[in-house]
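Enquirer: missing the sequence, but the structure's below:
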């Protein structure tokens, strides 16, 4: 635990504490009265209400739309299932600014719906909710579907044999077993939508703002660091409570069930009802997930002769100091470095948490590992600039700053992927190897590593994909001569002109293809689907 604790203390707790202290400490004294002043403002209360309301609505809508998909991917075996699982996961690793832009092109002025039927949904809450479902569909499919595929169907069949109807058998047998997984998925979706930034900023316009958007506005537009610090503390407390409940549901799911091999439970659909369900899920995936991605590709090809892609190879001397296409290579190098850091930190943390004799303090660290996914990325980004600017931690001019920020969001995925597999390793195998004279390192190399190798590769793939798409903190610390793909997309979108918009769509398409290929490889490697992701 020493290295993971040190890493999070230096590169997460310290920057966040520095930015909060900068806002609430002035003239040698703490201004705690500022907390009541900020929370007493009607505008801030409206932001808090909308943040909570839209997160609850987004979570309910995501569960309603994605749970049928979780069942189909868990229980049905059909051609192209692995490819489709990779496709539904691509939106989750895309930068939120790309997701918002795709839905703007689909639902906004001049978008597909506007051209076909004259319907515009931008600057409405419906655009935000649909984009959140698009972004979080994979969370429900992988979290709930991963467990659903390992539930023994013979338990439900036994209830049917004893006279229960199909609905009664599902409600009394399957639903209680799925409860912890559904709760964990709902909490994760609520967390991601509660802290939503890019999607709300692009699709909500001036009408709607979440806590994250308001923190950004207070920090970069109004320059009121004290208000931003108060809102950061509020968000931190809310996220901490959510993650504490989430950690409890994960432990319930991992300890209360007897699971079977997922490959034994999937079968081809039978009967008109199951085929109709499969067709409905495929239609939902096509309209809600594939269509916005297709809009990205179509907009990137609007100009004849791949003009937008060719323009990426030219340096304009304005927004970038290098050709925009160089962001691809820069992002890949950064993502590889971030993946290595995330594997070391997350692997050590997962190994410590997997021990059955781990104390309460160690188990409590499990929830803390998830905090970077929910704490304001704006706060983390500014915190890096403020806190890591003096020896021995003067990293503002170092290329390591970006991979370290990306690794913060990669570590939770490594832990959540590896932890169930490490807990499943029979400790008697380690004890037998130790009795035969093997030291700790040899036990790890010859017992643990062969059993967790695939999980390690899956964790590396997720960390790589998430690092590649990280935007919130990176946008503040990436230098103009070393832009990442999401930062390049955001900067191109911020400039007027059709050429800049087309280049942004072209870069977004490249990022989408890279993520899709990485996730397709993961589906070939993945055999144990009990993990969180």
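Expert: Ah, there it is. Values in this document were obtained by computation on a predicted structure and should not be read as measured data.
Enquirer: from here on, just use CA atoms for contacts and neighbour counts.
Expert: Will do.
Enquirer: domain ranges for this protein?
Expert: For the chain, automatic domain parsing gives the domain ranges 1-28+301-533, 38-300.
Enquirer: would you reformat the ones you listed as a markdown table and include mean neighbour count and mean pLDDT?
Expert: Formatted as a markdown table, these follow (neighbours: other CA atoms under 10 Å; pLDDT from 0 to 100):
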| stretch | mean neighbour count | mean pLDDT |
| --- | --- | --- |
| domain 1-28+301-533 | 19 | 80 |
| domain 38-300 | 19 | 81 |
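Enquirer: which parts of the protein are strands?
Expert: 25-26, 29-30 (DSSP state E).
Enquirer: and of the ones you listed, who's closest to residue 268?
Expert: strand 25-26 (63.0 Å; CA to CA).
Enquirer: quick check: chain neighbours aside, which residue is closest to residue 21?
Expert: residue 229 (7.8 Å; CA to CA, 6 or more residues apart in numbering).
Enquirer: do you know which of the strands of the chain lies nearest residue 84?
Expert: Comparing those against residue 84 with CA to CA, the closest turns out to be strand 25-26 (51.3 Å).
Enquirer: for the closest one, give me every contacting residue.
Expert: residue 31 (CA atoms under 8 Å, 6 or more residues apart in numbering).
Enquirer: that strand: partners in the sheet, and parallel or antiparallel?
Expert: Partners of strand 25-26 in the sheet, by DSSP bridges, are strand 29-30 (antiparallel).
Enquirer: quick check: mean pLDDT across the strand it pairs with?
Expert: Average pLDDT, strand 29-30: 76.
Enquirer: how far does it sit from the chain's center?
Expert: Here strand 29-30 is found 36 Å from its chain centre; the criterion is CA atoms, centre = their mean, to the nearest Å.
Enquirer: residue contacts, the closest residue to residue 227 other than its chain neighbours?
Expert: Excluding the flanking residues, the one nearest residue 227 by CA to CA, 6+ apart is residue 38, at 6.1 Å. By CA under 8 Å, 6+ apart, the contact list for residue 38 reads 44, 227, 230.
Enquirer: dump those residues to CSV, plus distance to residue 293.
Expert: Formatted as CSV, the contacts of residue 38 follow (distance: CA to CA, whole Å):
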residue, distance to residue 293
44, 34
227, 37
230, 37
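Enquirer: tell me which of the residues you listed fall in helices.
Expert: Secondary structure from DSSP state H places 44, 227, 230 of those in helices.
Enquirer: what is the nearest of these to residue 487?
Expert: Of the ones in helices among the contacts of residue 38, the one sitting nearest to residue 487 (CA to CA) turns out to be residue 227, at 26.2 Å.
Enquirer: can you pull the contacts of the closest one?
Expert: Residue 227 neighbours (CA under 8 Å, 6+ apart): 23, 34, 35, 38, 215, 218.
Enquirer: cool, residue 504 as well?
Expert: Contacts of residue 504 by CA under 8 Å, 6+ apart are 300, 488, 489, 490, 492, 493.
Enquirer: let's see that with 6 Å instead.
Expert: 489, 492 (CA atoms under 6 Å, 6 or more residues apart in numbering).
Enquirer: any idea how far it lies from residue 329?
Expert: According to CA to CA, to the nearest Å, residue 504 stands 16 Å off from residue 329.
Enquirer: repeat for residue 457
Expert: Distance of residue 457 to residue 329, computed by CA to CA: 22 Å.
Enquirer: cool, residue 14 as well?
Expert: 30 Å.
Enquirer: what do you get for residue 128?
Expert: Distance from residue 128 to residue 329, by CA to CA: 32 Å.
Enquirer: same deal with residue 476?
Expert: Taken as CA to CA, the span from residue 476 to residue 329 is 20 Å.
Enquirer: ok, now residue 75?
Expert: 40 Å.
Enquirer: likewise for residue 25?
Expert: Distance, residue 25 to residue 329, by CA to CA: 42 Å.
Enquirer: same question, residue 150
Expert: Counting by CA to CA, the gap from residue 150 to residue 329 is 39 Å.
Enquirer: what do you get for residue 463?
Expert: 17 Å.
Enquirer: kindly report the same for residue 302.
Expert: 25 Å.
Enquirer: with residue 458 instead?
Expert: Here residue 458 is placed at a distance of 22 Å from residue 329 (CA to CA).
Enquirer: for residue 178, see how far away residue 460 is.
Expert: 27 Å.
Enquirer: cool, residue 500 as well?
Expert: Taking CA to CA, one finds residue 500 at 47 Å from residue 178.
Enquirer: same thing with residue 326?
Expert: Counting by CA to CA - residue 326 and residue 178 are separated by 46 Å.
Enquirer: please apply the same query to residue 498.
Expert: Taking CA to CA, one finds residue 498 at 48 Å from residue 178.
Enquirer: again, but for residue 29
Expert: The span separating residue 29 from residue 178 equals 51 Å under the rule CA to CA.
Enquirer: quick check, nearest of the contacts of residue 38 to residue 311?
Expert: After measuring the contacts of residue 38 against residue 311 - CA to CA - the closest member comes out as residue 227, at 41.7 Å.
Enquirer: which residue packs closest to residue 72, ignoring adjacent ones?
Expert: residue 278 is the one closest to residue 72 (CA to CA, 6+ apart), at 6.4 Å.
Enquirer: now do residue 56
Expert: Closest to residue 56 by CA to CA, 6+ apart is residue 190, at 6.5 Å.
Enquirer: thinking again about what came up before, now render the strands of the chain as JSON lines, adding distance to residue 97.
Expert: Below are these laid out as JSON lines (distance: least, CA to CA, whole Å):
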{"stretch": "strand 25-26", "distance to residue 97": "33"}
{"stretch": "strand 29-30", "distance to residue 97": "36"}
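Enquirer: between these, which one is closest to residue 412.
Expert: Taking those one by one with CA to CA, strand 25-26 is closest: 31.3 Å.
Enquirer: residue 238 and residue 376: what is the separation?
Expert: Distance from residue 238 to residue 376, counting by CA to CA: 12 Å.
Enquirer: ends of stretch 215-227, what's the gap?
Expert: Note: stretch 215-227 ends 8 Å apart using CA to CA.
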